[in-house]
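Participant: please work out how this folds:
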Amino acid sequence: MKVVIIQGPNINMLGKREPNVYGVMTMEEIHKQMKVVADQNNVDIEFFQSNLEGEIIDKIQECLGDADGIIINPAGYSHTSVAIRDAIAAVNLPTIEVHISNIARREEFRQKSLISAVTAGQVIGFGPIGYHLAMIAMLQIFSQIEAVKKAKEDTQKTDE
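Facilitator: You can find the predicted model right below:
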């Protein structure tokens, strides 16, 4: 199984940008922790960050046929990008949206995510540990997918 972690605009500034909101952990430190969990569970993991909407869309599209799931923090694009939403819907992969801060407690324009309707779920407001929670959720989704596949195979064997 492979998970692609897609980080949106300004996530590369974690640790420096508004530490009172986003904490002091850097993006690289978050990625190192996620890699440990992935390695422990025999999951390949790939990291991508861009401040450009089109590059994020391209990366989502590249996941089709190359990845089994996406964990994305679209950051500010969560609230504005129909195009990122459409790309996630188009690839139809299990996708989990992560936000470090609790967007429901932020400015009104940040409280609505255009992305959430096409994701398996959201992890919001738990700080950098939210990425770890998203990895655990993705592992659970993979487990459920495997269980369904196995049940179908068992049913087919019984019918033969």
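
Participant: what are the buried residues along the helix ranked longest in the chain?
Facilitator: Determined from DSSP state H, the single longest helix within the chain is helix 129-159. For helix 129-159, a neighbour-count test (16 or more other CB atoms under 10 Å) marks Gly130, Tyr131, His132, Ala134, Met135, Ala137, Met138, Leu139, Ile141, Phe142 as buried. Just so you know, the C-beta spots here come from the backbone N, C-alpha and C atoms, and that holds for glycine as well.

Participant: next, the residue nearest in space to the middle of the chain: secondary structure please.
Facilitator: Nearest to the geometric centre of the chain sits Ile71, at 1.3 Å (CA atoms, centre = their mean). With DSSP: H, G, I helix; E, B strand; the rest coil as the basis, Ile71 sits in strand.

Participant: residues contacting it?
Facilitator: Val3, Val4, Ile5, Ile6, Thr95, Ile96, Val98, Tyr131, Ala134, Met135, Met138 (CB atoms under 8 Å, 6 or more residues apart in numbering).
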